[in-house]
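**Student:** What shape does this take:
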Amino acid sequence: MKKGFSDIFETDSVLKTLILCVLTIGSYLIYKLYRFSSQINQHTELKISKAFITTTIVLFAISLGSLIYGLANFHDLAILKSSIGIHMISSVFDVTWIVMVRNRINLIAGSKKGDKLWLNPFITSIFHVIYMQHKINQGLVKSAI
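**Tutor:** Take a look at the predicted model:
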């Protein structure tokens, strides 16, 4: 397995990632997770199942669609209440995917708790792909030196 980020990940703007995650109501988060997973799957033996990725994306799309539909019909709270289950299931899959990508990035970087490139689980749980992209950018700069 390769150690380090070169030839696996690409530099990208952290600010762009943040803005797109907010403007797309989280859809860009799913896109970035997909990109990171594809890069990991292409360049390492630390594969993330395509079936898991597809299931998570479908659940996210259904969850987002039901949320938008529920908000468009806000006068009928039963619609929002009926979609809570799919939101919970989708969230579990999303968080699991984030953890899987985080753990693989840590393994690729060869980083351990306290290292500069180590992805802190608490910060990752808050900033997700924004923080991951920041650490990837740091790793790419470090490998270029």
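**Student:** Just the buried residues of the helix or strand of the chain with the lowest mean pLDDT, please?
**Tutor:** Confidence across the helices and strands of the chain bottoms out at helix 77-82, with a mean of 80, counting by mean pLDDT, DSSP states H and E. Of the residues in helix 77-82, I79, L80 count as buried by neighbour count, 16 or more other C-beta atoms under 10 Å. All C-beta atoms are positioned from the backbone trio N, CA, C, and that covers glycine.
**Student:** Skip ahead from it and say which helix or strand is next.
**Tutor:** helix 84-109 (DSSP states H and E).
**Student:** Average pLDDT for that following helix, rounded please.
**Tutor:** Helix 84-109 shows a mean pLDDT of 95.
**Student:** next structured bit after it?
**Tutor:** From helix 84-109, the next helix or strand downstream (DSSP H and E) is helix 121-144.
**Student:** any residues touching that following helix, and which ones?
**Tutor:** 4-6, 9-12, 14, 17-18, 21, 28-29, 32-33, 36, 95, 98-99, 101-102, 105, 109, 116-117, 119-120 (C-beta atoms under 8 Å, 6 or more residues apart in numbering).
**Student:** Ok, stretch 40-50 next?
**Tutor:** Under C-beta under 8 Å, 6+ apart, the answer for stretch 40-50 is M1, K2, D7, I8, S37, W97, M100, V101, R104, I105, L107, I108.
**Student:** With only the CA atoms kept, save it in PDB.
**Tutor:** C-alpha atoms of stretch 40-50 as PDB (Å, rounded to 0.1, in the frame of the first residue of the first chain):
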ATOM      1  CA  ILE A  40      -9.000   5.400  -2.300                       C
ATOM      2  CA  ASN A  41     -10.500   2.400  -4.200                       C
ATOM      3  CA  GLN A  42      -8.400   3.100  -7.300                       C
ATOM      4  CA  HIS A  43      -5.100   3.500  -5.600                       C
ATOM      5  CA  THR A  44      -5.200   1.300  -2.500                       C
ATOM      6  CA  GLU A  45      -6.400  -2.100  -1.300                       C
ATOM      7  CA  LEU A  46      -8.500  -0.300   1.300                       C
ATOM      8  CA  LYS A  47     -11.700  -0.600  -0.700                       C
ATOM      9  CA  ILE A  48     -15.000   0.900   0.200                       C
ATOM     10  CA  SER A  49     -17.800  -1.300  -1.100                       C
ATOM     11  CA  LYS A  50     -19.500   0.100  -4.200                       C
END
